[in-house]
Every structure is written in structure tokens, then in C-alpha cells.
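# Attaching a predicted model along with its sequence, questions to come.
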Amino acid sequence: MRKRIYNKATPMILTFLTFSTAFYQLLKFYHMENQLNYNIVVIALFCLIAGIIPRWFLKIPLYFLVLYSGLFLNFPQNMSFSLNWGAIFWERLVNLNQLFIMGRIGYLPEEIAVSLVFFFMILLIELVIEYERVVISYLIIICYMLFLTIYNDIELHVEIVLFASLGLLQRFLIVHKKNKQNYLVITALLSVFLLVTLAIPSEFIETKMLEPSATLRNYLNTKGFYQFIEETGAGNLSRSGFSENDEVLGGPLLDDNQIILEAQQRSPHYWRIDSKSRYTGSGWESLGSEDAVLDAYNGTQIELPNNDYQGSFAEKEEIRLNREVLDSYLPLPYGNKQVRVEDATTELYVNQETQRVDFQNTSQPDSFQIDWQDFDYTMEELADVSLATPDSALDYLQLPEQLPERVSDLAEELTAEEDTLIGQVTAIQDYLKNSGNFRYSKIDAGFPTENQDYVDHFLFNSQVGYCDNFSSAMVVMLRSVGIPARWTKGFSSGEEVSEDRYVVRNSDAHSWPEVYFEGYGWLPFEPTPSFSQPLEQTDAAANDNTDSSTTNSSTTEETTETSSTQSSSTTSTESTTATETEEGTGPTNNRFLQISPFVRNILYGGLIVAILGLVYILWRNYFYLYMLVLIKINNASILKIYPKLLNRAEKFVFRTPEQPLNQYAQIFEERYPEFNGTFIKLTDSYEKSLYGSVAEVDEQERKLIFELTRKLAKIKK
């Protein structure tokens, strides 16, 4: 018993520190921090049972008793500690589970969460302390911490680094049990590492931890994986889609793939809904309804011209629109529009300030036709627009008084060498979109700290976000240098599911800036990476007849907000198809991608299983493979090979540092007679080489090494 306690003392202490810190995060999530004290006692008892008690027939009842007591301390339900309490608590767990599965509870109840965490904690503590499976146990803990970080407004980056350090320390102690002098060295190095980590900004740590997996996590987001988990109550995140309330922006965003509308059209384009003018430092607000000027239109043919635009228009195009979700707003493209409906009583209200169009009837048409003429202008034409701000646009220079000075300093630096309005606008747009300083991700977008400006946090701290971050940053920087701009939202062009038929989902919700150009009105721009703004398309088409103005090549992680948003007057169906093929959402000649989604998912699943199986085989046989590399590829000497075999043997039979090798080999062979003297023979060869002059491995020794390696790889503790 004393020897066991001596060997398990350090793992018990490190494991206790790890699980106490991890469990505290769960208590914070459920606002149960005041119950930390006796939960620490429960975790300590779990660690003591795993470290001190060697037999399972003793461990199981002790674990059950501590688990039972821990649940009672957390959820006493105004009862005394008894079997009756256990029966009532079990009944409550069953009822809560049924309500949760039926969807009547929108979050995972704390009774179920704490019970599950306690149960899995016992398993992981056993893996670490009894079976010394440190790597897999700590990976599970770190994944759990990342899970809490993603789904809740909790910053756990320092804790994650702490867990990784404790895991490395435990692994080191297991591998180097006999070398006590290295304990202080590795502990000191990890302590310095933790202190340095505390001094590094959390956004930097977050980026370095999350960026390598961004592609996979964004793919899972587009497939609805995170939405499914969020629906099971694991967190409380916002979902993509058009929202009326934008007063507080920030944080991760889950993709919602519900279809909003389908459109039969030749050219993709933005679907504009609304704009907001007042930036508060945390989000956007509209002018009060009492200040709104509404124009009413009705009939079967409703003209919705853009009176501010004095440029030319593209050729007229017909769009057939079918709405799957009947909200009050009507999403429309830029340009001149004529809405044709069958019901003559259909009435539309147009807000002249925001150019938002809403149905006013209680019964709205779910399908209608739009005769549309897109804007048709070039960069050269906009270059002639004056930098002077017209009086009608002065309200769109508003900024909060507490806007950090470094935001305006950055905007002034970017526009200092530009002497035209369009030059200054595109300078800020290109910085956000193409500088490489910013990363697009819905999942990794962070929250500003308390009282920190939303745009300032994005530009100088996190530098990770989605359309709301990029569009808000561009509008605020433009205003800070005296350029009227406003924040606009709606949907991107969606996915072309068949020829000239587009589907727009909640996950295609998008925001972008509009800038006022005298003589042209409010024109859209696009600072979000991987999206293509209409002006760039028009300018490219004017200078290149090859239709090379498709969207910038987007990264895999940016597929959630579709990057095929292009000017309908300039981008052909061919260029759209090429872009969507890059994204993996459009037609393609790849036969593998043309098979049915069900079969493709089965193949992907089989591939994942095969990869995991390969990783497991490599992990289980790493020692044998490592020794093969030493012997066959490196042609290592017996002086290098034997210590590796000895370290492996010491995991199964303990050896003191002063014990002679030949004596240890005798004891080992007595414990494992199936080695048939191979360990004794190889030990004798090693000592002869160690004190002699010949270290090369002859053929007989090579056979002994192979046989000993094979047998050591097979035995279990």
C-alpha cells in the first residue's frame, strides 16, 4: 500500500488540480459557483479512490457512495440524505430527460449535466491514475473546454493551456519515473510557459489554438452540426438569419439552413432588406419609427424606382420569386424594380430613409414576379464624384463620442494618399478584405470585453469575424474620415441548385456597407473576404471581356456565407458556375461529387473510421514501429537500442536505479518466463559492448532484439 501511494501521489495531485479547474467551469455555466467547496471534496475523494484502492470490487461501491453523496450535496431538494432522496432524484432525472428529448426544455438541465460529468470524471480519473492513459484523457478534457468556449461567452484559453501543461507533466513523469532530477527541470519549464501564457493576449492564444481547425469546424457549421448540438441545450448561441435587433453584435454564429426563398433568375445578386444608421459602439440602431417617412404602393404592378441613381441601367431581367418564409419584409435587388402580383389588394410600404420594403397586408403573396434593371456604372465614372459631403448625407457621419482614437487614426492612414472618394472607399475596403490581417469565421468570432467598442475589438484585438464585423468596421472607418456610409443587411445570392434557380437560406444572411455618391445615391461595397462586391464586377467587366471577374478564391471555411455574390449586369452564368465549383456548391465534372449525398456521406464516414482505425493501430504499436525504425533504418547500435528496451521493461517490472542490469534481467525473466532468456542474453551483450570496444549489432544480437521487441510490445501491465 505504501509503495502504491508513493507511486500514485503525484498523479493524484495533478489530476485533482485538473478536474477541479475543469469542473469549476461547469459550475460557472450553471451559476453554481457557491457549491465549489464540497465539489472539490468529491473530486479529491475520486482521486484518492483511484490512487489508493487497487481492487475494483472495493472501488465500485466507494465510487458509488461518493457519487451519490456529491449529487445530494448539489441537489438536496430540501430532503435528508437517504435512499428515499435517491429514488426521488432518479425520478426527476428521468422526467427531465424526457422533457429535454421532447424539446420542451431548451437547455441541458444542470441535474443531468452534473451527473454525466461526475460519471465521466470517474472514468477519466481511472484512466489517468490507474492506467496511465494521460494523452487521451487530457485530450478529452481539452475538447470539453473548447466545447464550452465555443458555445458560451466564456474565455478558457489560459485554462486550456494549463491542462495541456499538466498533461505533459504527467506524461513526462510516467516516462521518466526513475530520473527524479528531471522533475524540477520540467516543472520549472512548464511554470515559465504558463507565466508567459498569462502575459500573452487571450485573442492571440485563441487564434493560435483555433485557426488550425477552422476549416473543419466551419465545414461542420455549414452542415448544421453545431446547430444540432446547440438545439440539445449545450449552449446559447445566435443563429444565422435576418434579425431586426442589431443593438448588440458579437460572438459566434451558428448556421441555420432553413430555406427563405427560391428565385428563378439569370444572374445572382444581393437581396437587400434594410439599413441602419446609428452606431452605438456595441451595435446598430434605426431611427425611431416616428421619424420614418413611409410611402404606400398598391396594385398588381408596383413600381419601385431608385430616384437617387442617375447613371445607366443594365438590360431588363425577369425574376420569379417564391417565398418559403412569409415575414413582413420584401428582399429585393438593387436597381429599378417592378413587382407584379396577382392580388390587386397587395400593398407595400417603402421607408424612404432606409429603403426597406414591407408588406402591409395580413395575407401576403408567397410568389410573384420582379422586372429588374440593375445598376450599370464603372469605377472611372465614380472617380469623378466630388469628395464634398452633400447636406442630405450629413446624418450618416454619426459616431459615438467614446470611439477609440486608434480607429480613426487607422482610417486616416489608409486614405492619406487617395485624392478621390472612390479611392478612399476602396482603400479601406481592400485593407479589410485583402490585407491578410483578418480571418473570416462565424464560429471563432469573439465578444468585446466590457465597455470595449465592437469595431475597435475586431480591428485591433480579435481580427476574426464574419460579415457583421467587416461591414461595421468599414462603415465606422469611412465615417471617421468624413465619408457618409451606412450599415446594410439582407441576404447574399444563395446557392444555384439547378440552372438559373437559386435557393437562399438563413445561412446566407449577410451585411455590407453602402456609401453615398452624389448622382448615384447609396451604392454597395464588400469588405468581407471571399465575397464579391458588385462594383468590382462591373469595373472588371468594363476592362475585360473574358468574364474573369468572378469572386475571389475563397477558403473552405468561408462557404457558409456564399461567395457568389456578383453584379447581375456583368457576371455570366459561366463565371458563377466556376465560382461555385471552387466552393463545392455548384455543378462540377468530378464524378465522385456527383454521387448521391447519402452514398457520399457513407463513404466519408467509412474514410473517417478507417483513419481513426489507422491512428489507433499506430498508437497501440508505436513502440514496435519505433524500434523497427531504429534497427532497420537508422542501424542504431546496441548502446542506443538497449536503453529503449530497458525503459519499456521497467513499465512492467520496477527497477531501482542502483540495481545491476543482469540481476534485473533475471527478475524480469522470472516474472515473464515466456521471454525464454532473450532479455538475459541481450543484457549480457549490452554490458559487453558497454565496457568493450565493439558496439555494432551482429546478426545474433539483431535476432534477439527483434524477438525481445516483439514480446515487449505484446505484454500488458
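Perfect, thanks for sending it.

# pLDDT below threshold where in the stretch 351-500 of the chain?
361-363 (pLDDT under 70).

# Could you look up the SS state of the residue minimising distance to the centre of the chain?
The residue lying closest to the centre of the chain (CA atoms, centre = their mean) is residue 443, at 3.7 Å. Recorded secondary structure, residue 443: coil (DSSP: H, G, I helix; E, B strand; the rest coil).

# I'd assumed residue 252 was in contact with it.
Yes - look at residue 443 against residue 252 with CB atoms under 8 Å: they come within range, at 5.3 Å. Bear in mind the C-beta positions are built from the backbone N, C-alpha and C, glycine included.

# Got phi/psi on residue 37?
phi -60, psi -50 (degrees, to the nearest 10).

# show me the contacts for it.
Not one residue lies near residue 37 by CB atoms under 8 Å, 6 or more residues apart in numbering.

# If we use 10 Å, what do you get?
residue 73 (CB atoms under 10 Å, 6 or more residues apart in numbering).

# If I look at it, what pLDDT would I see?
Residue 37 carries a pLDDT value of 81.

# my guess is residue 357 is in a strand, correct?
Yes - assessed by three-state DSSP, residue 357 belongs to a strand.

# Number of residues surrounding it?
23 (other CB atoms under 10 Å).

# Give the bridge partners for it, please.
Counting by DSSP bridges, residue 357 is bridged to residue 350.

# isn't it right up against residue 271?
No - look at residue 357 against residue 271 with CB atoms under 10 Å: they stay out of range, at 11.3 Å.

# Need the residues touching each of those two.
Common neighbours of residue 357 and residue 271 (CB under 10 Å, 6+ apart) are 329, 330, 331, 332.

# Looking at the residues you listed, state which has the most neighbours.
residue 330 (25 neighbours).

# okay but that one is in contact with residue 351, surely?
No - between residue 330 and residue 351 there is no contact under CB under 10 Å: 11.6 Å.

# which residues do those two both contact?
357, 358.

# any idea how far stretch 380-397 is from the chain center?
39 Å (CA atoms, centre = their mean, to the nearest Å).

# Show me which positions of it end up buried.
381, 382, 385, 389, 393, 396 (16 or more other CB atoms under 10 Å).

# Please tabulate the residues you listed in a markdown table, including the columns distance to residue 506.
What follows is the buried residues of stretch 380-397, written out as a markdown table (distance: CB to CB, whole Å):
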| residue | distance to residue 506 |
| --- | --- |
| 381 | 36 |
| 382 | 33 |
| 385 | 36 |
| 389 | 36 |
| 393 | 32 |
| 396 | 28 |
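
# Tell me the helices and strands packed up against the helix or strand hosting residue 6.
For residue 6, the enclosing helix or strand under DSSP states H and E is helix 2-29. Applying 3 or more CB pairs under 10 Å, 6 or more residues apart in numbering; DSSP states H and E, one finds that helix 2-29 makes contact with helix 36-52, helix 110-129, helix 134-151, helix 157-175.

# how far off helix 110-129 does the shortest one point, in degrees?
Spelled out, it's helix 36-52. In terms of direction (axes from the mean of the first three to the mean of the last three CA atoms, to 10 degrees), helix 36-52 departs from helix 110-129 by 30 degrees.

# list the buried ones in helix 36-52?
Per 16+ other CB under 10 Å, helix 36-52 contains these buried residues: 39, 42, 43, 44, 45, 46, 47, 48, 49, 50, 51, 52.

# following it, which helix or strand comes up?
By DSSP H and E, the next helix or strand past helix 36-52 is helix 56-74.

# follow-up on the earlier one: quick one, phi psi at the residue nearest to the centre of the chain?
The phi/psi pair for residue 443 (degrees, to the nearest 10) is phi -80, psi -40.

# Quickly note the distance from it to residue 464.
Taking CB to CB, to the nearest Å as the criterion, residue 443 is separated from residue 464 by 9 Å.

# wait, isn't residue 85 in contact with residue 73?
No - using CB under 10 Å as the test, residue 85 is too far from residue 73 to be in contact (11.2 Å).

# The two: which is more packed in?
Remark: of residue 85 and residue 73, residue 85 carries more neighbours, 18 against 15, as counted by other CB under 10 Å.

# in the stretch 301-450 of the chain, which spans are strands?
301-304, 312-313, 317-323, 336-340, 347-351, 356-359, 367-373, 375-376, 439-440 (DSSP state E, counting those that start in this stretch).

# The last one: how far from the chain's middle?
Relative to its parent chain, strand 439-440 has a centroid offset of 11 Å by CA atoms, centre = their mean.

# For it, which helices and strands make contact with it?
helix 214-222, strand 464-465, helix 467-480.

# Next secondary structure after it?
Strand 439-440 is succeeded, C-terminally, by helix 454-457 (DSSP H and E).

# what residues does that following helix touch?
Contacts of helix 454-457 with the rest of the structure, by CB under 10 Å, 6+ apart, involve 203, 248-250, 279-284, 399-400, 402-407, 410, 446-449, 463, 465, 468-469, 472-477, 480.

# Report the helix or strand with the lowest average pLDDT across this structure.
The helix or strand of the chain with the poorest confidence is helix 573-583; it has a mean of 33 (mean pLDDT, DSSP states H and E).

# quick one: residue 297 is in a strand?
Yes - checked against three-state DSSP, residue 297 lies within a strand.

# Buried residues in stretch 318-329, which are they?
319, 321, 323, 329.

# Please apply the same query to stretch 624-639.
Neighbour count says stretch 624-639 has 627, 630, 631, 636, 638 buried, by 16+ other CB under 10 Å.

# For residue 512, name its beta-bridge partners.
In beta-bridge terms (that is, DSSP bridges), residue 512 pairs with residue 488.

# can you pull out the helices in the stretch 401-550 of the chain?
405-415, 421-434, 454-457, 467-480, 534-543 (DSSP state H, counting those that start in this stretch).

# Let me have those in TSV, extended by mean neighbour count.
Formatted as TSV, the helices of the stretch 401-550 of the chain follow (neighbours: other CB atoms under 10 Å):
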stretch	mean neighbour count
helix 405-415	16
helix 421-434	21
helix 454-457	23
helix 467-480	26
helix 534-543	21
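
# Select, out of these, the one closest to residue 509.
helix 467-480 (8.2 Å; CB to CB).

# ok now that closest one, how far from the chain's centre?
23 Å.

# and what of stretch 663-677?
52 Å.

# and the end-to-end length of that stretch?
With CA to CA, to the nearest Å as the measure, stretch 663-677 spans 13 Å from end to end.

# Quick one: mean pLDDT for that stretch?
The model assigns stretch 663-677 a mean pLDDT of 86.

# if we can go back for a sec, nearest to residue 114, of the strands of the stretch 301-450 of the chain?
Here strand 439-440 is closest among the strands of the stretch 301-450 of the chain (CB to CB), at 35.8 Å.

# how many other residues sit next to residue 682?
22.

# how close does it sit to residue 414?
70 Å.
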